[in-house]
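# Predicted model, plus sequence, below.
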Amino acid sequence: MNAQAGFALRGRNPDVLTCIANLSNDEVFTPPEFASRMLDTLAQAWAAGHEGADIWADPTVRFLDPCTKSGVFLREITTRLTQGLAGRMPDLQARVDHILTRQVFGIGITHLTSLLARRSVYCSKHANGPHSIAQSFGSGAGHIWFERTEHRWVDGKCADCGASQKTLDRGEALESHAYAFIHTDDIKARMGELFGGDMQFDVIIGNPPYQLDDGGYGTSAAPIYQLFVEKALDLDPRYAVFVTPSRWMAGGKGLDKYRERMLGDKRMRRIVDYPKLYEGFPGVKIRGGISYFLWDREHDGPCEFQTIWDGQPTGPAVARALDAYDILVRRNEAVPILEKVIAGGGGGTTLEKRVSSRKP
């Protein structure tokens, strides 16, 4: 039996992060393969903007995941930097210490996920523990920060995230789900408090929590992922890469101003959209699908938009102005059809003037 098991496992190196069940449809773990695609997109943009340079061979680039759960982004970044910096820093331990203490930072969204992220990145839930791959940390948290944060209740709702006091004001025995990154009026000062000094991040990347109960009728919930994106952009990174539900492109409660901001931002460089249910995150039911975007501080022009269906692009990426309409048309092939209809409309009343999107 032992010999047979040894043979079956020979050459296998299973990734535990592909096996972890999601916390909920609101706090979804990013599959490692999906995180790698996002990092590939980042690396391509970096090379294009830095004369072909390899981002993973640069010891000065600083990364932040402001909503880390499994730690997959930070782990994959650390792995790539460890390989990319080998020529510049031959000593493996010195290289790893440099990466983990100077380049890779995260903020846990709950106590549990902070421990999970530290285990993924440091190979120990204590960054300064005997099993940690880092040897230069003075605290167990390392650079993956978490402390309990409280909501600011005003008239039954949180002034920062809109959560329901009735639902989430439940004592210290349970998680508050008051995420530190979005519960602040001054995000730059907050980063200095968490990590020390004047923290300027080159890349902010993540998969934020999607929604929280807002105390409305039935199971009403308000989206909060846009709050993470907005705080990230307020930090003025060189690049921001986020995966979120795609509902913001055309609808969603409380997302009108966010949609207007995103469609009008000429620094949006690339969007990859997965409109099919379960396509991006297998087994996770996110109505309307998910998408990830790359925001480039130095970009000023059209955004490359691409749709993925059944694992394959529906066509080549198309560079187009996102604000051509008040919603984002999610299929590139539909844009010229829409333009022809509008051009030959003959002055008739169009359907959106006759039908309500929320109450048909």
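On my side now, so go ahead.
# Okay, strands next: where are they in this structure?
Using DSSP state E, the strands of the chain run over 63-68, 104-108, 144-145, 153-154, 157-158, 203-206, 211-213, 221-223, 239-245, 268-274, 290-296, 303-309, 312-313, 318-320.
# backbone phi and psi for the nearest residue to Arg247 once chain neighbours are set aside, please?
Among residues not flanking Arg247 along the chain, Gly288 sits closest, at 4.5 Å (Cβ to Cβ, 6 or more residues apart in numbering). For the C-beta atoms, the positions are set from N, CA and C on the backbone; glycine is no exception. Phi and psi for Gly288, reported as degrees, to the nearest 10, are phi 90, psi -10.
# residues in contact with Gly288?
Gly288 sits next to Pro245, Ser246, Arg247, Pro275 when contact means Cβ atoms under 8 Å, 6 or more residues apart in numbering.
# repeat for Phe73
Thr30, Ala35, Met38, Leu39, Phe63, Asp65, Gly106, Ile205, Gly206, Asn207.
# ok, now Asp202?
Neighbours of Asp202 in contact, by Cβ under 8 Å, 6+ apart: Val61, Arg62, Phe63, Pro237, Arg238, Tyr239.
# that older thread, can I get the strands of the chain in CSV including distance to Gly52 and mean pLDDT?
Listed next are those as CSV, based on distance: least, Cβ to Cβ, whole Å; pLDDT from 0 to 100:
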stretch, distance to Gly52, mean pLDDT
strand 63-68, 20, 97
strand 104-108, 24, 97
strand 144-145, 32, 96
strand 153-154, 51, 95
strand 157-158, 46, 92
strand 203-206, 18, 98
strand 211-213, 41, 81
strand 221-223, 38, 86
strand 239-245, 16, 97
strand 268-274, 17, 97
strand 290-296, 16, 97
strand 303-309, 19, 96
strand 312-313, 24, 93
strand 318-320, 21, 95
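# Now render these as TSV, adding distance to Gly171.
Below are these laid out as TSV (distance: least, Cβ to Cβ, whole Å):
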stretch	distance to Gly171
strand 63-68	24
strand 104-108	20
strand 144-145	23
strand 153-154	14
strand 157-158	16
strand 203-206	28
strand 211-213	16
strand 221-223	21
strand 239-245	30
strand 268-274	38
strand 290-296	33
strand 303-309	43
strand 312-313	49
strand 318-320	50
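# before we move on, back to that, now, among the contacts of Asp202, which is nearest to Leu174?
Distances from Leu174 to the contacts of Asp202, taken as Cβ to Cβ, are shortest for Phe63 (30.9 Å).
# Point out where the stretch 151-300 of the chain drops to low pLDDT.
The stretch 151-300 of the chain contains residues with pLDDT under 70 at 213-220.
# what's the first-to-last distance across stretch 162-178?
Stretch 162-178 has its terminal residues 10 Å apart, counting by Cα to Cα, to the nearest Å.
# Please read the previous query as pertaining to stretch 147-157.
For stretch 147-157, the first-to-last residue distance is 21 Å (Cα to Cα).
# Can you give me the buried ones in that stretch?
Using 16 or more other Cβ atoms under 10 Å as the test for burial, stretch 147-157 gives Thr149, His151, Lys157.
# how far is that stretch from where the chain is centred?
Chain-centre distance of stretch 147-157: 23 Å, with Cα atoms, centre = their mean, to the nearest Å.
# contacting residues for Pro282?
Counting by Cβ under 8 Å, 6+ apart, Pro282 has contacts Pro31.
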